[in-house]
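S.K.: no sequence on this one, just coordinates:
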């Protein structure tokens, strides 16, 4: 048995003996990292035996002396335990890295994002790869001592980076492909990168728009009567009359779209006028039927009362009957 065969044989025995422990390590580290703020999804795995041997041959064997009989394959592999943490926005990658330091010591860093940004003719999937070990004397983490000597590779990616890495790997590593197709793949990867940046930009713009609503409310800002209604202008008006209600984003968006489908030039001022003029009427309906109405229903009654022609369909048939019955009282 030559030196390489012995290394492979020894590693195979070691790998199989430690497999249950390594799988338990994956479960432990996934659960720990999932508690870190801004981490939306975590998955992990123990690197496949043949994959591990192949990586050793490709990356480490050429660096060893022919007569080296001391270096073990297991000593060379820092990514036998691989964990992937997914977040939504690119700026959260480094935020997660800073939070990870609460539990881990960084052994080595491979920042593929920085590497790609230093080139002007290459694109590809970005991610931050960290070689980690648990900190010594880590408190408040049950079972940490069981895994204190385990090295892991943590990849931190956005959802878009992760999607691109999967697609890129599927396409590029199947077979050798022509240069013209590689160029098209690179162009596509640039679009993914732009999409990642745009998601962050949109998130930041939404944050500033929401902040502006709060500032307008605090200052008692005047109604901008001629401004077309959108989600943010709806919230500015609605929160004036229902300050304690939790308006959930996707419900607000759906309700605003419903309003604009019925009257596409509807304004912030018209919404305010409808609620201001008819909220007392709606509250009286609530008292009469002895049933609490949520703000969406109250606003719907106000809109219907203010402009029956345009908002005829904003109430259900049952609500319209309630409205008519109350008007007759």
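M.R.: Perfect, I can see it now. Here the structure is a predicted model, which is why all the values come from computation and not from measurement.
S.K.: from here on, contacts and neighbour counts on C-alpha atoms
M.R.: Will do.
S.K.: quick one: stretch 77-92 to chain centroid distance?
M.R.: 13 Å (C-alpha atoms, centre = their mean, to the nearest Å).
S.K.: next: stretch 127-136.
M.R.: 21 Å.
S.K.: domain map for this protein?
M.R.: As assigned by automatic domain parsing, the chain contains the domains 3-196, 222-327.
S.K.: now those domains in TSV, with distance to residue 208?
M.R.: Output for those, formatted as TSV (distance: least, C-alpha to C-alpha, whole Å):
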stretch	distance to residue 208
domain 3-196	16
domain 222-327	11
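S.K.: compare the ones you listed and say which comes out lowest on pLDDT.
M.R.: Averaged per stretch, pLDDT over those is lowest on domain 3-196, reaching a mean of 85.
S.K.: need the distance between the two termini of that domain.
M.R.: Terminal residues of domain 3-196 lie 47 Å apart, using C-alpha to C-alpha, to the nearest Å.
S.K.: off-centre distance for it?
M.R.: That offset, for domain 3-196, works out to 20 Å (C-alpha atoms, centre = their mean).
S.K.: pLDDT on stretch 202-221, on average?
M.R.: 86.
S.K.: neighbouring contacts of that stretch?
M.R.: For stretch 202-221, contacts defined as C-alpha atoms under 8 Å, 6 or more residues apart in numbering pick out 232-233, 235-236, 240.
S.K.: at 6 Å instead, please
M.R.: Residues outside stretch 202-221 that contact it (C-alpha atoms under 6 Å, 6 or more residues apart in numbering) are residue 236.
S.K.: which parts of it are buried?
M.R.: 210, 213, 217 (16 or more other C-alpha atoms under 10 Å).
S.K.: show me which of these is closest to residue 9.
M.R.: Of all the buried residues of stretch 202-221, residue 210 has the smallest distance to residue 9: 61.3 Å, by C-alpha to C-alpha.
S.K.: am I right that the closest one is in a strand?
M.R.: No - Residue 210: not assigned to a strand; according to DSSP: H, G, I helix; E, B strand; the rest coil it is helix.
S.K.: can you pull up the most central residue in this protein?
M.R.: residue 88 (2.7 Å; C-alpha atoms, centre = their mean).
S.K.: so who does the residue nearest to that residue when sequence neighbours are not counted touch?
M.R.: Excluding the flanking residues, the one nearest residue 88 by C-alpha to C-alpha, 6 or more residues apart in numbering is residue 158, at 5.2 Å. Contacts here follow C-alpha under 6 Å, 6+ apart; on that basis residue 158 touches 86-90.
S.K.: what sits opposite residue 158 in the beta ladder?
M.R.: Counting by DSSP bridges, residue 158 forms beta bridges with residue 87.
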